[in-house]
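**Q** I would like to see how this sequence folds:
(one chain, ligands or ions: 1)
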Amino acid sequence: MLPPERTPRQRIIDLITGTRLSSYQLAQMLGIPERQVEEHLTHVVKTIARNKTRQFILDPARCQDCDFVFRDRSRLTSPSRCPHCRSEAIAAPRYGIDLSAPQLNPHYS
Ligand SMILES: [Zn+2]
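**A** Next up, the predicted model:
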């Protein structure tokens with residue numbers, strides 16, 4: 001367990017650095033509602049945007065039936081329905097933080 005003095009935002013940053021997690025997974029790990037995770041994430045995005053050594057990564061939500069990718073979504077919350085095929089089988093977006101080292105991380109430059 002992480003020390004309790006860390007704020008949820010710091011813990012989210014710790015948890016998603018170097019990996020990708022959905023807000024559902026983060027909610028489970030932090031023991032808080034998913035909606036709170038999404039609220040924290042909007043602030044985490046701003047924090048990371050100011051930090052030149054790190055980069056926030058959003059793996060967009062995707063329809064599991066037709067593979068439609070929700071690339072244009074600016075909000076962080078999961079879409080509930082596919083605009084193409086109306087399916088509700090949406091794979092949740094996943095969040096991560098990569099260290100900004102373009103020479104070492106060509107995939108995310
Ligand atoms: Zn679809």
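**Q** use CA for all of it now, contacts and neighbours both
**A** OK.
**Q** check contacts around the residue nearest the centre of the chain.
**A** Ranked by distance to the mean C-alpha position of the chain (C-alpha atoms, centre = their mean), the top residue is Tyr95 at 2.0 Å. Tyr95 sits next to Ile16, Thr19, Arg20, Leu21, Ser22, Ser23, Phe56, Ile57, Leu58, Asp59 when contact means C-alpha atoms under 8 Å, 6 or more residues apart in numbering.
**Q** Would you mark the buried spots in the longest helix out of those in the chain?
**A** If you go by DSSP state H, the chain has its longest helix at helix 34-50. In terms of neighbour count (16 or more other C-alpha atoms under 10 Å), helix 34-50 has its buried residues at Glu34, Val37, Glu38, His40, Leu41, Val44, Val45, Ile48.
**Q** try stretch 84-103
**A** Taking 16+ other C-alpha under 10 Å as the basis for neighbour counts, the residues of stretch 84-103 that come out buried are Ile90, Ala91, Ala92, Pro93, Arg94, Tyr95, Gly96, Ile97, Asp98, Leu99, Ser100.
**Q** sorry, back to before: going by distance to the ion, which of the contacts of Tyr95 wins?
**A** Distance to the ion across the contacts of Tyr95 (C-alpha to the ion) is lowest for Asp59, with 16.9 Å.
**Q** Would you check that that closest one makes contact with Asp72?
**A** No: the pair Asp59 and Asp72 does not pass the contact test of C-alpha atoms under 8 Å, sitting 11.7 Å apart.
**Q** how about the strands in this protein?
**A** Using DSSP state E, the strands of the chain run over residues 21-22, 54-59, 62-63, 90-91, 94-99.
**Q** Which of those sits closest to Met29?
**A** Relative to Met29, the nearest member of those by C-alpha to C-alpha is strand 21-22, separated by 10.2 Å.
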